[in-house]
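Asks: test case, fold it:
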Amino acid sequence: MAREIEVVLEGIAVNAVLREDAAPKTVAALLRALPITSTAVHCICSGECIWFKSDQVPIAFPETETVYLSQGDIALGYDNDFLIAYGRRCSTRGFKGYLPYNPIAVVRDLDAMERFAKVAHSIEFEGGKAISVRQRSA
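Replies: Here you go, the predicted model:
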């Protein structure tokens, strides 16, 4: 059975299946660092996604790098930063070009993702919101 994490953004929780098949080293580093609390902000250049940083997680390993994320993808970058794609238009880039990320988990419950997306989108206009990540109990 696949392991999961729980991501809570301003009281809205989603469960995400860990992608241990695609990024085993990065997922292992994440699990050692949990639980994580931070402040999520809206991405400027990458589209419909939120971003947060955690110094608890070591720098990600280059495993299954991509710059294109699908709705519900959670990815870890090389500067201890996380991206969560809440919409369908997300490509990871900064002011200097594309930035590769390792997809580490995916939210499969579309109804939960819809509720999460409403809060995530509001960050663009309202500013940063509290976010936490923890391992989900079986």
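Asks: from here on, just use CA atoms for contacts and neighbour counts.
Replies: Fine.
Asks: residue 22 and residue 97, how far apart?
Replies: Going from residue 22 to residue 97 by CA to CA, to the nearest Å gives 24 Å.
Asks: who's more crowded, the two?
Replies: residue 22 (16 against 9; other CA atoms under 10 Å).
Asks: what's the single longest strand in the chain?
Replies: Of all the segments assigned as strand in the chain under DSSP state E, the longest by residue count is strand 81-90.
Asks: now do the helices in this protein.
Replies: With helices called from DSSP state H, the chain shows them at 24-33, 110-126.
Asks: now the first one: buried residues?
Replies: What it means is helix 24-33. Using 16 or more other CA atoms under 10 Å as the test for burial, helix 24-33 gives 24, 26, 27, 29, 30, 31, 33.
Asks: do the longest one as well
Replies: The neighbour-count criterion (16+ other CA under 10 Å) identifies 113, 114, 116, 117, 119, 120, 121, 123, 124 as the buried residues of helix 110-126.
Asks: quick check: the gap between residue 104 and residue 67.
Replies: From residue 104 to residue 67 the distance is 13 Å (CA to CA).
Asks: compare these two and say which one has the larger neighbour count.
Replies: Using other CA under 10 Å as the criterion, residue 104 and residue 67 rank with residue 104 on top: 26 against 16.
Asks: and the helix or strand bottoming out on mean pLDDT in the chain, what does it pack against?
Replies: None of the helices or strands of the chain scores lower by mean pLDDT, DSSP states H and E than strand 93-94, at a mean of 82. Under the contact definition 3 or more CA pairs under 8 Å, 6 or more residues apart in numbering; DSSP states H and E, strand 93-94 sits against no other helix or strand.
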